[in-house]
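no FASTA, just this:
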């Protein structure tokens, strides 16, 4: 399969994508930072020194500056832009749009600058778009979009083998940004920069920046990388990456250095104001503020530029590691507290959390609370939605609520086991815990994000969060249909139970209720009935066998009538679906529920255990999320395999490269049996 100018995701967190963009000159691993090289100036750092010191994956330079200089132009056309920069990696070229914004115009036509970029061998060339200023009205922003679409269409016919960057404009109007992105997505572009944001960032309008990125991402086709033009400050990288930006460029490292300013992950400091260097980069580790101030102007700028790039590349690496370990939202929240206006951007995330949930992985290593904003993460939205929409309350007479005191004790059941056993011996009860997430049935206590969370006690939440939690609990109470709901208060509660109910034999089976609850939560309403064969706990006890770990006693495998249907993962408390379980789901639920539908050519390979690649996906369940269990079927709903979804439906249908589902069990590759739980 030709991967030229194609993008594929390898892993992800939030809306961020760690992936590969295949260019004609090499592969770019996202997220990626492109230092901007001005070939006309050598005031701070040469391209040779940047390449030698930082080994960047790509460089960016301005084709208009080269075009306007006879000497540079001649060399670029003779030796190529790679020869001009003395660099053999990926080179992206800008077109002169920013110069047009600063100076009011440029002496080149859109077609001429695209042709020039192609002729000098740019790997990623950029259209000459109209820069919509923040103070321009809606009519002007709209007319700029129309002209830019015409220019992008013309550029797509002239790009040759180069990748084309089709820029998204729209000024301060999110709906125009979205419309521009939708129409750009229909053109033969390969990368989509979000343009016109430099003045937004210069004015610290981070709320607006977040709105602009989200609007553009809503309209853009997801299979192309997104470049945030001019976002050269490391303080912005975590937020922009979490919202789905893949590429960044920076000329700020040099501009700030020439002004005596030093970049840090949490802001910018003037060298004149520093008594110590709060940084561990090679520059700061080997000198002092006084020594830097004593250098001549050129060398001082060079040293500060090195520092700025060390911090910038270091932040990109931290963002990538945060994606790998599932802690990008933590990084965003911590960084946001460095500046009040960055904190305002978290309000935008809260308003769009339903949208962001669509790209949020199903589970992670942990959920770490950093402040009240953490409870607006897409993970929390998903838990609340699935609890109210999917979870089915067990048949019971009384609900007992453990209200506080268990937040730090996970899994909860382990700490209330004696209480549950004592009460269930005589009464038919079910059990719930009050948590910062809202109501948590005891059966869901080991499932992500509940069992993997590090949270404060409910009583320690801010007042606004306590009010929100009370509202969620009140809403949950309307779903409950019990004779009574009691807060556990020890002997008093036992006395109240004796007054309310006649003593008898309770029917609460924690293991069976856990399997049923997680089935419904994970796979959708009534999925437990489909997989396990019924909703009556007494009948199921005869048909369902739970195999537990010999070391921990935790449920590891679920057999129904002797068939291995599910395995419970220790790391996130969710199920891995087996072929027998998939068949049961297919029998009870129509297409495309929990399915990924592939074409006939792919189907034969998937039956052999091969992964599903995105170009061969014909349809998929709209509710599938990255990390969800997926049933791989033909267009006639014939089972091929089961696996783990890497993309959501929109992404599967859009991507031209990369894995859509990692296949785990297939018809010709027998699955491991349930025996051997440790």
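All right, it came through fine. This is a predicted model, so every value here is computed, not measured.

hmm, who's touching stretch 108-125?
For stretch 108-125, contacts defined as CB atoms under 8 Å, 6 or more residues apart in numbering pick out 23-26, 58, 63-64, 66-68, 73, 76-77, 80-82, 84, 90-93, 95-96, 126-128, 151, 154-155, 158-160, 162-165, 190-191. Bear in mind the C-beta positions are built from the backbone N, C-alpha and C, glycine included.

what are the ranges of the strands in the stretch 251-400 of the chain?
Ranges of strands in the stretch 251-400 of the chain, per DSSP state E, counting those that start in this stretch, are 261-264, 267-270, 367-368, 398-403.

what's the closest of those strands to residue 284?
For residue 284, the closest of these is strand 261-264, at 8.5 Å, according to CB to CB.

What is the closest one packed up against?
Secondary-structure packing of strand 261-264 (3 or more CB pairs under 8 Å, 6 or more residues apart in numbering; DSSP states H and E): helix 252-258, strand 267-270, helix 297-325.

Turn the strands of the stretch 251-400 of the chain into a markdown table, columns for distance to residue 169.
Putting these into a markdown table (distance: least, CB to CB, whole Å) gives the following:
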| stretch | distance to residue 169 |
| --- | --- |
| strand 261-264 | 27 |
| strand 267-270 | 27 |
| strand 367-368 | 37 |
| strand 398-403 | 52 |
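
so which of the ones you listed gets nearest residue 592?
Using CB to CB, the nearest of these to residue 592 is strand 367-368, at 29.8 Å.

tell me what the closest one is packed against?
Counting contacts by 3+ CB pairs under 8 Å, 6+ apart, strand 367-368 is packed against strand 453-454.

pLDDT value on residue 537, please?
On the pLDDT scale, residue 537 is placed at 49.

Also residue 468?
For residue 468, pLDDT reads 85.

list the contacts for it?
Counting by CB under 8 Å, 6+ apart, residue 468 has contacts residue 375.

one step back: I'd like to know which of the contacts of stretch 108-125 are buried.
Those of the contacts of stretch 108-125 that meet the buried threshold are 23, 25, 58, 63-64, 66-68, 73, 76-77, 81-82, 84, 90-93, 95-96, 126-128, 151, 155, 158-159, 162-165, 190-191, by 16 or more other CB atoms under 10 Å.

quick one on the thing from earlier: the strands of the stretch 251-400 of the chain into a markdown table, with extra columns for mean neighbour count and distance to residue 604?
A markdown table is the format used below for the strands of the stretch 251-400 of the chain (neighbours: other CB atoms under 10 Å; distance: least, CB to CB, whole Å):
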| stretch | mean neighbour count | distance to residue 604 |
| --- | --- | --- |
| strand 261-264 | 22 | 53 |
| strand 267-270 | 14 | 56 |
| strand 367-368 | 21 | 40 |
| strand 398-403 | 20 | 51 |
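
ok, of these, where does mean pLDDT dip lowest?
In terms of average pLDDT, strand 398-403 trails the rest of the strands of the stretch 251-400 of the chain, at a mean of 90.

Check which element follows that strand along the chain.
Moving toward the C-terminus from strand 398-403, the next helix or strand (DSSP states H and E) is helix 412-426.

I'd like to know which elements that following helix is packed against.
Here helix 412-426 touches strand 398-403, strand 429-435, helix 491-500, going by 3+ CB pairs under 8 Å, 6+ apart.

outside of it, which residues touch it?
Contacts for helix 412-426 (CB under 8 Å, 6+ apart): 400, 402, 406, 409, 429, 431, 433, 440, 442, 445-446, 488, 494, 497, 503-508, 510.

can you tell me the average pLDDT over it?
90.

Now do it: distance to the chain's middle.
From the chain centre to the centre of helix 412-426 is a distance of 38 Å (CA atoms, centre = their mean, to the nearest Å).

quick one: buried residues of that helix?
Going by 16+ other CB under 10 Å, helix 412-426 has these buried residues: 412-413, 416, 419-420, 423-424, 426.

likewise stretch 308-325?
Quick answer for stretch 308-325 (16+ other CB under 10 Å): 308-313, 315-316, 318-320, 322-323.

JSON lines for those residues, including distance to residue 341 and pLDDT?
Listed next are those as JSON lines, based on distance: CB to CB, whole Å; pLDDT from 0 to 100:
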{"residue": "308", "distance to residue 341": "21", "pLDDT": "97"}
{"residue": "309", "distance to residue 341": "25", "pLDDT": "97"}
{"residue": "310", "distance to residue 341": "25", "pLDDT": "97"}
{"residue": "311", "distance to residue 341": "20", "pLDDT": "97"}
{"residue": "312", "distance to residue 341": "20", "pLDDT": "97"}
{"residue": "313", "distance to residue 341": "25", "pLDDT": "97"}
{"residue": "315", "distance to residue 341": "18", "pLDDT": "97"}
{"residue": "316", "distance to residue 341": "22", "pLDDT": "97"}
{"residue": "318", "distance to residue 341": "21", "pLDDT": "98"}
{"residue": "319", "distance to residue 341": "20", "pLDDT": "98"}
{"residue": "320", "distance to residue 341": "25", "pLDDT": "98"}
{"residue": "322", "distance to residue 341": "22", "pLDDT": "97"}
{"residue": "323", "distance to residue 341": "24", "pLDDT": "97"}
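
From those, pick the one nearest residue 330.
residue 322 (7.2 Å).

State the distance from the closest one to residue 378.
15 Å (CB to CB, to the nearest Å).

One more: residue 36?
Distance, residue 36 to residue 378, by CB to CB: 33 Å.

Equivalent analysis for residue 284, please.
37 Å.

And residue 631, by the same measure?
The separation that residue 631 has from residue 378, given CB to CB, amounts to 24 Å.

thinking again about what came up before, of residue 36 and residue 378, which one has the most company?
The residue with more neighbours, out of residue 36 and residue 378, is residue 378; 22 against 19, by other CB atoms under 10 Å.

any idea of the pLDDT on the more buried one?
Confidence at residue 378, expressed as pLDDT, is 96.

my read: it touches residue 243, true?
No - between residue 378 and residue 243 there is no contact under CB atoms under 8 Å: 11.7 Å.
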